[in-house]
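Student: Provided below for reference: sequence and predicted model.
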Amino acid sequence: MYVKRDNLGGHQIKGVDVKKGIVEGYLSAWDVVDSDGDMLIRGAFQKSIAERGPGSAGNRKIAFLRGHDVGQPVGKFLELEEDSTG
């Protein structure tokens, strides 16, 4: 089952595969001021994704955490990439 969503909790959700437990979407968007007053520009995550993304050789992968708390993992990133949106 694939469920389409437009927006959830401030993050843009592209879709959810309930059977596989996979969510596809954006965690951040370019050129938008967030709730902390920060604005990210294209390329902000390139180095981190290359060094610590799911396809990297690094052993310390980027974690998906609730509230940045290592004691509250939400899931595991299967893919991370930048595009024209975020």
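Tutor: Done, it's in. In this text, all values refer to a predicted model and were calculated from it rather than measured experimentally.

Student: Stretch 30-43: which residues count as buried?
Tutor: For stretch 30-43, a neighbour-count test (16 or more other CB atoms under 10 Å) marks 30, 40 as buried. All C-beta spots, glycine's among them, are computed from the backbone N, C-alpha and C.

Student: For that stretch, what is the distance to the chain centroid?
Tutor: Computed by CA atoms, centre = their mean, to the nearest Å, the separation of stretch 30-43 from the middle of its chain amounts to 14 Å.

Student: End to end on that stretch, go ahead and measure it.
Tutor: Stretch 30-43 has an end-to-end distance of 9 Å (criterion: CA to CA, to the nearest Å).

Student: Where does pLDDT dip in the protein?
Tutor: 1-11 (pLDDT under 70).

Student: Quick check: the spatially most central residue of it vs Asp34, distance?
Tutor: Centrality entry for the chain: nearest residue to the mean C-alpha point is Leu27, 4.0 Å, by CA atoms, centre = their mean. Leu27 is 11 Å from Asp34, where distance means CB to CB, to the nearest Å.

Student: Verify the stated contact: the residue nearest to the centre of the chain with Gly86.
Tutor: Yes - with contacts counted by CB atoms under 8 Å, Leu27 reaches Gly86, the gap being 7.3 Å.

Student: re the thing from before, against Asn59, how distant is the residue nearest to the centre of the chain?
Tutor: Separation of Leu27 from Asn59 (CB to CB) stands at 22 Å.
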